[in-house]
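Enquirer: Output the structure for:
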Amino acid sequence: MEGGELIPQGSNYSFAVQLKAKDLSFHGVYKPASGERPLWDFPYGTLHRRERCSFIVSRFLGWGFVPPTVIRDGPHGEGSMQLYVPPADNSSYFTLREEGRAELPLVAAFDLVVNNTDRKGGHCFKGQDGRVWVIDHGLTFHPAPKLRTVIWDFAGQRLGGEPLEDLRRLARALDGAGSPLRRELGALLDPEEVEVFRRRVRAFVKNPQLPTPQEYRSVPWPLV
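Expert: Numbers count the residues shown, from 1 in each chain. Next up, the predicted model:
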């Protein structure tokens, strides 16, 4: 790991770094636990683990829109390390919505099951590779319902087809107490958080209808 330039945006400390492995070099984003701002509703020092868990779930589903994310020791201690994906110019959820990207209902379903409390428009974008990517998943997996997102355009729609089968496969994997997936998540999250996550997935698979916004605090601020 080289560099370590502080990224000015965001509530928590994040650093732009360069990652090298043999003859390969990548840009990454390093978010140390020591740089997390204390919150009243999330245990201190756990946000980087939630970033990793969100990648694990996206990878298991085969949806692949969370950039590769690992836990590593860096200059400021343990933190998440995520591959940096260069965005297309001025891309956000709102520009993707105008394009009618088919991946967006999947992002809405993903945010529901991981209980994303902070899906801002800028956290969902088109990369320079043309793919849809989603980032910033530190505020996820809380046991209490906390969905807060700008993606309400699909409220009331039902998810079906292959994406629903992917979620059913996820539900089956979470039902097994000793399954590799559950063990992997259990090493990073509180047992209650893993169990409530399992229940959320099961509930959505049973009734795969995307939710409607509640009257109180359904969107994050700022929106982008």
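Enquirer: how much space between Asn116 and Gly138?
Expert: Taking C-beta to C-beta, to the nearest Å as the measure, Asn116 falls 10 Å from Gly138. Using the backbone N, CA and C atoms, a C-beta is placed for each residue, glycine as well.
Enquirer: Look at the two and report which has more neighbours.
Expert: Neighbour count, other C-beta atoms under 10 Å: between Asn116 and Gly138, Asn116 has more, with 28 against 24.
Enquirer: How many residues are close by the closest residue to the more buried one other than its chain neighbours?
Expert: Ranked by C-beta to C-beta, 6 or more residues apart in numbering and with sequence neighbours excluded, the top spatial neighbour of Asn116 is Thr140, at 5.2 Å. Counted by other C-beta under 10 Å, the residues lying close to Thr140 total 27.
Enquirer: and Thr140, what does it touch?
Expert: Counting by C-beta atoms under 8 Å, 6 or more residues apart in numbering, Thr140 touches Arg50, Cys53, Ser54, Val114, Asn115, Asn116, Thr117.
Enquirer: Likewise for Gly127?
Expert: Counting by C-beta under 8 Å, 6+ apart, Gly127 has contacts Val85, Pro86, Pro87, Ala88, Ser91, Trp133.
Enquirer: now it: how far from Trp152?
Expert: Gly127 sits 24 Å away from Trp152, going by C-beta to C-beta.
Enquirer: do Val134 as well
Expert: Using C-beta to C-beta, one gets 16 Å for the distance from Val134 to Trp152.
Enquirer: So for the two, which sits in the more crowded spot?
Expert: Val134 (24 against 14).
Enquirer: Just give me the longest strand of this protein.
Expert: Ranked by residue count under DSSP state E, the longest strand found in the chain is strand 24-32.
Enquirer: And the residue nearest the centre of the chain?
Expert: Among the residues of the chain, the one closest to the centroid is His137, at 3.7 Å (C-alpha atoms, centre = their mean).
Enquirer: would it count as being in a strand?
Expert: No - counting by DSSP: H, G, I helix; E, B strand; the rest coil, His137 is not found in a strand; it is coil.
Enquirer: what's the burial count for the nearest residue to it once chain neighbours are set aside?
Expert: Closest residue in space to His137, ignoring its immediate chain neighbours: Ser54 at 3.5 Å, by C-beta to C-beta, 6+ apart. Burial of Ser54 is recorded as 25 neighbouring residues (other C-beta under 10 Å).
Enquirer: Could you tell me how far Thr95 is located from Pro87?
Expert: Counting by C-beta to C-beta, the gap from Thr95 to Pro87 is 10 Å.
Enquirer: Name the residues contacting each of the two.
Expert: In contact with both Thr95 and Pro87: Lys126, using C-beta under 8 Å, 6+ apart.
Enquirer: which residues sit in contact with Gly64?
Expert: So Gly64 contacts Ser58 (C-beta under 8 Å, 6+ apart).
Enquirer: Can you tell me the SS state at it?
Expert: Going by three-state DSSP: Gly64 is coil.
Enquirer: Just the pLDDT for it.
Expert: Gly64 is assigned 96 on the pLDDT scale.
Enquirer: hey, C-alpha coordinates of whichever strand or helix holds Ala16 in CSV?
Expert: Counting by DSSP states H and E, the element that carries Ala16 is strand 15-21. This file holds the C-alpha atoms of strand 15-21, laid out as CSV (Å, rounded to 0.1, in the frame of the first residue of the first chain):
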residue,chain,number,x,y,z
PHE,A,15,-7.8,7.6,2.2
ALA,A,16,-7.0,7.3,-1.4
VAL,A,17,-4.2,4.7,-1.7
GLN,A,18,-2.3,2.7,-4.4
LEU,A,19,-2.2,-1.0,-4.0
LYS,A,20,0.5,-3.1,-5.6
ALA,A,21,0.8,-6.9,-6.0
